[in-house]
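>>> For reference, the sequence and a predicted model appear below.
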There are 4 protein chains.
Amino acid sequence: MRQKSAAGNHHRGSSPRAPGRPRSEQARLAILRSTLKLLGKHGFSDLTIGDVAAHAGVGKATVYRWWPNKASLIADAFAKSTTRALHFPDTGSVYSDMSQQMRQLVKIFRSRRGRIVSAILGGGQSDPDLITAFRERFLLPRRLEAYATLRRGIRRGELRGNIDMDLLLDSLYGPIYMRFLVRHKSLTPEFIDRLCDLVLSGAHPSRKFRRHRSH
Amino acid sequence: MRQKSAAGNHHRGSSPRAPGRPRSEQARLAILRSTLKLLGKHGFSDLTIGDVAAHAGVGKATVYRWWPNKASLIADAFAKSTTRALHFPDTGSVYSDMSQQMRQLVKIFRSRRGRIVSAILGGGQSDPDLITAFRERFLLPRRLEAYATLRRGIRRGELRGNIDMDLLLDSLYGPIYMRFLVRHKSLTPEFIDRLCDLVLSGAHPSRKFRRHRSH
Amino acid sequence: MRQKSAAGNHHRGSSPRAPGRPRSEQARLAILRSTLKLLGKHGFSDLTIGDVAAHAGVGKATVYRWWPNKASLIADAFAKSTTRALHFPDTGSVYSDMSQQMRQLVKIFRSRRGRIVSAILGGGQSDPDLITAFRERFLLPRRLEAYATLRRGIRRGELRGNIDMDLLLDSLYGPIYMRFLVRHKSLTPEFIDRLCDLVLSGAHPSRKFRRHRSH
Amino acid sequence: MRQKSAAGNHHRGSSPRAPGRPRSEQARLAILRSTLKLLGKHGFSDLTIGDVAAHAGVGKATVYRWWPNKASLIADAFAKSTTRALHFPDTGSVYSDMSQQMRQLVKIFRSRRGRIVSAILGGGQSDPDLITAFRERFLLPRRLEAYATLRRGIRRGELRGNIDMDLLLDSLYGPIYMRFLVRHKSLTPEFIDRLCDLVLSGAHPSRKFRRHRSH
DNA sequence: CAATAATCGAGACGGTACGTCACGTCTTCTT
DNA sequence: AAGAAGACGTGACGTACCGTCTCGATTATTG
């Protein structure tokens, strides 16, 4: 069986050249581009493989040859489109580093690309491959950068040394994701600021760790 | 046009009695039960109206007569199934009140009913009715209770008086929803405790409001 | 499983009425009509179910609901279209009875309906259902009439009493089918006359049965 | 355009040698062999060029390079397989000459090779090239031999001098083809004998030509 | 002996039709 | 009037072949 990809590996192994006509890079790019474009216009369920193929000037079978389902197609398209942005600055302040990146994220969530993210997270609730792709290709790379950012803050004494970094990051990003997905409150830059204030102040070394339990 | 309901109103107006055969309550319940059962087994998109009708021993048209689409059917079914639990206790401590309720929520998210929630939130990303139903029937009622709980904490001096309650609640629940939906880290009771510690300590009056901006 | 038909039985048993919406007779007729029309224009392999459905103003699934494949659809359409003609006259002469009916058959074979027959016989070479349908619905009914015609000839002394009727009929019709299918010589009324002369003279009582074997 | 062949000419003109790599005879034979083998297993429409190429261990393009369509491929393969048998004996008796050859034909029709013949005749109903190939490569050569056989019979006084040879031959072979294609009665050697009896007795000089018309 | 040229196997390509499935509507009889 | 049953038109699905193409490799003739 041919290698299909929800994990982004489009290469056929280490051999220098596979026999037969090589895969058309042009078709691959056209498909991913069309996927993003159409996904931005309509939702996940409105996107049909047939439409993507037609818009890309490609046979339907060519799409199915390389992507086992709509989910992995979207995942690939999304991964390709977000490799560049969303890096963390190094301003000398955790608050500033985080809030700046989080503002960027919010800007993306509110843009046309946000539809794609919500399509992935939405579709991922019934398709494990999709949510896995999101984690591995989008979340994890950024989280690794975030760890470095937090470690700088610890070194500078802005954060407790024993802080649970995943807990802290989820406390910072969870509210963003929640507002983005549940849409009960708007996602504004001011919200980001106050969110950072609230959460980072709880992670400040001056704040003694104190169990709030009354019993 | 007959009155259809995404809002749960299944009655036909103010007239005391409509002519003709009355609606079968038995059918209505069987449909909702089957919806929940099938939704628990598979995802949102795998659930078909035809399956629900067949499983409930009901004609397809009977489903369509009362629910305009899959979303409102699921929303009704979900609302029916969670009207009882998830109340906030009044222990005299914000930390305790919140963490106890949050633990209940996590327990539900991790149960079979969690599949239904993720189906709603997932499907809701492409179906506005669905996410609206989730907000209005599930989130809002609980948030109203949460406001009251927080106000008790303010009154007791456990929280700053000028706290933004939605910000605080999103900071507490957002991480739960994020872990639930993205599944990058496990949802444990210990996570809840440390989450409450982190966020509530940031909302404590002793913590002076301090902009972390370095500029 | 629903009853599908390559054998022409479109009724659902002896019960007076099946539950559910009854089959649309209008759709059924439109499908058969369109099949004949399109089959007359193009060949067996050029006929697509999709085209038939579109031409009949019917969903593709409606065709597939009642006919398992193109073959049985064509067989039904053909059977419906030829129930009336091709009866044997009773002129008082076997020669006349047979040649008149055979001329009718040739006329049909040479008409637009001939395309349908060749489509059935051609397709039947790879689809047993199709050739069976042809035998049972077309060939057999006519052969029964032919038996009666031959028996009249025997009674009148125009044919040997011990004649193998199937052998005789195949000797009369086989050449027609062969010319029709192989197309090496034309099918003319004169050919029919001389064919009857040749074969029927061999079946005449005056002709003593004589083994031609030279050993 | 390169020279393609439905007529079996695989040579490239009169030049003694073309430049470039010469055509692989091994590939050509493997393709024809595989065509026959696969055609024997399934029908005309079930045979795909892709299957033939794969079974022959050959690229699909190699097939298309030398045969313009499935029909000519099958025709070539069939022609290659039946060049040797089915000659007419010269026993001194028309009856014997004919019945012996007809028995051979029936034996082939009933063998695995019969599937190939029926595939060609069946497919030929929608593909003119195919039926033409059958006529020219199979039927015609044998018919030329049959004419000679009949002429010997005329010379010996076993047949009328003014007999229409095509009529006579169609009356002898038509029933065979009909039973072979319609499959309503079995093709046995005894059937051949009685068929020859019936038809040849009608062609005997002692049988006066007599119009059977009663009017 | 290098250059040229046509073949080879392999397999991806843009298409087209397939047969299935779910949709949401409808048409029947029964309750 | 609502119920179960199930056929209806619609349209996307994912598959299978079509006949063409683009590769690197092979095998001949020509310069």
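Yes, it's here. Numbering: from 1, shown residues only, chains lettered A, B, ... in the order given.

>>> Apart from its neighbours in sequence, what residue is nearest residue A:118?
residue B:125 (4.4 Å; CB to CB, 6 or more residues apart in numbering or on different chains). Yep, even glycine has a C-beta here, placed from its N, CA and C like the rest.

>>> State the helix or strand in which residue A:105 lies.
For residue A:105, the host element (DSSP states H and E) is helix A:94-110.

>>> so what does that helix touch, helix or strand wise?
Packing partners of helix A:94-110 (3 or more CB pairs under 8 Å, 6 or more residues apart in numbering or on different chains; DSSP states H and E): helix A:112-124, helix A:140-155, helix A:165-182, helix A:189-202.

>>> Can you list the buried residues in the second one?
Buried residues in helix A:140-155, counted by 16 or more other CB atoms under 10 Å in any protein chain shown: A:142-143, A:146, A:149-150, A:152-154.

>>> now the angle from that helix to helix A:94-110?
Interaxial angle of helix A:140-155 relative to helix A:94-110 (axes from the mean of the first three to the mean of the last three CA atoms, to 10 degrees): 160 degrees.

>>> for helix A:140-155, the distance to its chain's centre please.
16 Å (CA atoms, centre = their mean, to the nearest Å).

>>> Which elements pack onto that helix?
Counting contacts by 3+ CB pairs under 8 Å, 6+ apart, helix A:140-155 is packed against helix A:94-110, helix A:165-182.

>>> near DNA strand F, which residues of chain A?
A:17, A:19-22, A:48-51, A:60-61, A:64, A:69-70 (CB under 7 Å from any atom of the strand).

>>> Could you work out the most separated pair of these?
Farthest pair in the residues of chain A next to DNA strand F (CB to CB) is A:17 and A:48. Separation: 34.4 Å.

>>> And the two? Which one has more around it.
Comparing residue A:17 with residue A:48 by other CB atoms under 10 Å in any protein chain shown, the one with more neighbours is residue A:48, at 13 against 7.

>>> And the pLDDT at the more buried one?
At residue A:48, the pLDDT value in this model is 96.

>>> What part of chain A, helix or strand, is modelled with the least confidence?
Least confident helix or strand, chain A: helix A:128-133 with a mean of 84, by mean pLDDT, DSSP states H and E.

>>> For that one, what is the distance to the chain centroid?
11 Å.

>>> Contacts only, for the residue in chain A that chain C sits nearest to.
The minimum distance from chain A to chain C, using CB to the nearest CB, falls at residue A:50 (15.0 Å). Residues in contact with residue A:50, defined by CB atoms under 8 Å, 6 or more residues apart in numbering or on different chains, are residue A:60.

>>> now with 10 Å?
A:60, A:63 (CB atoms under 10 Å, 6 or more residues apart in numbering or on different chains).

>>> so how far is DNA strand E from it?
8 Å (CB to the nearest atom of the strand, to the nearest Å).

>>> any idea how far chain D is from residue A:193?
Using CB to the nearest CB, to the nearest Å, residue A:193 is found at 63 Å from chain D.

>>> my guess is that residue contacts residue A:95, does it?
Yes. Here residue A:193 lies in contact with residue A:95, judged by CB atoms under 10 Å, at a distance of 8.9 Å.

>>> higher neighbour count, these two?
It is residue A:95, of residue A:193 and residue A:95, that has more neighbours when counted by other CB under 10 Å, with 20 against 17.

>>> Would you mind measuring from the closest residue in space to residue A:49 that isn't next to it in sequence to chain B?
The shortest distance from residue A:49 to any non-neighbouring residue, by CB to CB, 6+ apart, is to residue A:63 (5.4 Å). Using CB to the nearest CB, one gets 19 Å for the distance from residue A:63 to chain B.

>>> Now for residue A:63: which residues touch it?
A:27-28, A:31, A:34-35, A:49-50, A:52-53, A:56, A:70, A:73.

>>> likewise residue A:185?
A:175, A:178-179, A:191, B:166-167, B:169-170.

>>> circling back to that earlier point, from chain D, how far off is the residue nearest to residue A:118?
On the measure of CB to the nearest CB, residue B:125 and chain D end up 41 Å apart.

>>> Which of the three states applies to the residue of chain A found nearest chain D?
Here the residue of chain A nearest chain D is residue A:20; by CB to the nearest CB that distance is 9.3 Å. Secondary structure of residue A:20, reduced to three states by DSSP: H, G, I helix; E, B strand; the rest coil: coil.

>>> what's around it, how many residues?
7.

>>> per-residue pLDDT, it?
89.

>>> hang on, the earlier thing: ranking the helices and strands packed on helix A:140-155 by burial, who's on top?
helix A:165-182 (a mean of 23; mean count of other CB atoms under 10 Å in any protein chain shown).

>>> Map the structural domains onto the sequence of chain A.
As assigned by automatic domain parsing, chain A contains the domains A:25-81, A:94-202.

>>> what about the first one, start to end distance?
Right, the one you point to is domain A:25-81. End-to-end distance of domain A:25-81: 16 Å, with CA to CA, to the nearest Å as the criterion.

>>> separation between residue A:101 and residue A:148?
Distance, residue A:101 to residue A:148, using CB to CB, to the nearest Å: 12 Å.

>>> which residues are common contacts for those two?
Joint contacts of residue A:101 and residue A:148 (CB under 10 Å, 6+ apart) are residue A:88.

>>> follow-up on the earlier one: need the helices and strands packed on helix A:140-155 in a markdown table with mean pLDDT, can you?
Listed next are the helices and strands packed on helix A:140-155 as a markdown table, based on pLDDT from 0 to 100:
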| stretch | mean pLDDT |
| --- | --- |
| helix A:94-110 | 96 |
| helix A:165-182 | 98 |
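
>>> Now chain A against DNA strand E: closest residue?
residue A:20 (2.1 Å; CB to the nearest atom of the strand).

>>> can I assume that residue is in contact with residue D:59?
Yes. Taking contacts as CB under 10 Å, residue A:20 lies within contact range of residue D:59: 9.3 Å.

>>> which residue is nearest the centroid of chain A?
residue A:138 (3.4 Å; CA atoms, centre = their mean).

>>> Just give the number of residues close to the closest residue in space to that one that isn't next to it in sequence.
Spatially, and ignoring its direct neighbours in sequence, residue A:138 is nearest to residue A:82 (6.4 Å; CB to CB, 6+ apart). Applying other CB under 10 Å, we find 17 residues neighbouring residue A:82.

>>> swap in residue A:126?
20.

>>> my read: it touches residue B:126, true?
No. Using CB under 10 Å as the test, residue A:126 is too far from residue B:126 to be in contact (11.3 Å).
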